[in-house]
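>>> Generate a structure from the sequence data that follows.
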Amino acid sequence: MNVERNSDPEGRAARHAALGDPSRLRIVDLLTLGDLSPSEIRASLGLPSNLVAHHLNVLESVGMVERSRSEADRRRSYVRLTEAALTGLTPGRTERARRVVFVCTANSARSQLAAALWATHSSIPAASGGTHPADRIAPGAVATAERHALTLPAGAPQRLDAVLTGSDFVITVCDTAHEEIGVTGDLHWSIPDPVRAGTDDAFDSAYIELERRISELAPRLTDH
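Alright, predicted model coming up:
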């Protein structure tokens, strides 16, 4: 695994601290929609000019806002969010990998659905494997894929050790597989086994949770 942590945790912390004041948070909220002059901010928030100036200075000191002079009235300035003002404020990390491998015990449902879903969200290749693979993909998984117009990978379930390489980014999608392979996995998603319940609702719930997690991870996983 290649891991790329956020390169500026101190800068992120400073911006979070700046946003800890409700008035500064409201200023940033306003600026997400457009540029404002300090007097317009003062009118919107009902704050005195010296307090608005203080809040803007704090936001400027952490690189969240910048000012420009009006082309019409050079005495007037406008405040805007910087391009990177909100970058990285959501807690998390960025990873990189050449291939993603999803793992569950039987490689018959969750990992198969996950690999297929991944292909709809990222250009990074994906595969799947099982610690104790079943003879076939679960009928419930096949039906779920059909309901959601998802194309499952071709072929029967595969053993993880026949699929895995040393450079793969491994995501376990069942507790049993995660606890079996331990630290070999890079991420773990604790998703209940729909095969046990065997109902459409159980499979759809697994599908929805996989879709949610994959859509959140895909933009934060790069191949370079």
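>>> who's in contact with Asp175?
Contact analysis of Asp175 by CB atoms under 8 Å, 6 or more residues apart in numbering lists 188, 190. The C-beta positions use only the backbone N, C-alpha and C, and glycine is treated the same way.
>>> Leu117 too?
150, 207, 210-211, 214.
>>> and which of those residues is nearest Gly129?
Leu210 (16.0 Å; CB to CB).
>>> now the closest one: how far from Ala114?
From Leu210 across to Ala114, the span is 5 Å (CB to CB, to the nearest Å).
>>> just to revisit the earlier point, could you dump the contacts of Leu117 into CSV and include pLDDT?
Shown next, in CSV, are the contacts of Leu117 (pLDDT from 0 to 100):
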residue, pLDDT
Leu150, 97
Tyr207, 98
Leu210, 97
Glu211, 97
Ile214, 95
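>>> What about those, which are in helices?
Residues of the contacts of Leu117 located in helices (DSSP state H): 207, 210-211, 214.
>>> Closest to Tyr78 out of those?
Ile214 (40.0 Å).
>>> can you tell me which residues contact that closest one?
Ile214 touches 114, 117-118, 121, counting by CB under 8 Å, 6+ apart.
>>> which one of those residues has the most neighbours?
Most neighbours among the contacts of Ile214, by other CB atoms under 10 Å: Ala114, with 28 neighbours.
>>> who are the neighbours in contact with that one?
Going by CB under 8 Å, 6+ apart, Ala114 touches 102, 126, 128, 171, 173, 210, 214.
>>> Name whatever forms a beta bridge with the closest residue to it other than its chain neighbours.
Computed as CB to CB, 6 or more residues apart in numbering, the closest residue to Ala114 that is not its neighbour in sequence is Phe102, at 3.9 Å. With DSSP bridges as the criterion, Phe102 is bridged to Ser128, Ile171.
>>> What distance do you get for Phe102 to Ala206?
Phe102 sits 12 Å away from Ala206 when distances are taken as CB to CB.
>>> same deal with Gln158?
Gln158 is 20 Å from Ala206, by CB to CB.
>>> if you count what's nearby, which of those two comes out ahead?
Remark: of Gln158 and Ala206, Ala206 carries more neighbours, 25 against 17, as counted by other CB under 10 Å.
>>> what ranges do the helices span in this structure?
9-18, 22-31, 38-45, 49-61, 110-121, 139-147, 160-163, 175-181, 194-197, 200-217.
>>> about what we covered before: can you tell me which of the contacts of Ala114 comes closest to Arg76?
Ile214 (47.3 Å).
>>> now the helices of the chain in TSV, with distance to Asp223?
TSV is the format used below for those (distance: least, CB to CB, whole Å):
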stretch	distance to Asp223
helix 9-18	24
helix 22-31	33
helix 38-45	42
helix 49-61	35
helix 110-121	13
helix 139-147	25
helix 160-163	18
helix 175-181	23
helix 194-197	30
helix 200-217	13
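>>> wait, which of those helices is closest to Leu81?
helix 22-31 (4.7 Å).
>>> mind exporting the closest one as PDB, just the C-alpha atoms?
Extracted in PDB, the C-alpha atoms of helix 22-31 (Å, rounded to 0.1, in the frame of the first residue of the first chain):
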ATOM      1  CA  PRO A  22     -19.900  31.300  14.900                       C
ATOM      2  CA  SER A  23     -19.600  34.700  13.200                       C
ATOM      3  CA  ARG A  24     -16.600  33.600  11.100                       C
ATOM      4  CA  LEU A  25     -18.400  30.500  10.200                       C
ATOM      5  CA  ARG A  26     -21.400  32.600   9.000                       C
ATOM      6  CA  ILE A  27     -19.000  34.800   7.000                       C
ATOM      7  CA  VAL A  28     -17.600  31.800   5.200                       C
ATOM      8  CA  ASP A  29     -21.200  30.500   4.600                       C
ATOM      9  CA  LEU A  30     -22.100  33.900   3.000                       C
ATOM     10  CA  LEU A  31     -18.900  33.900   0.800                       C
END
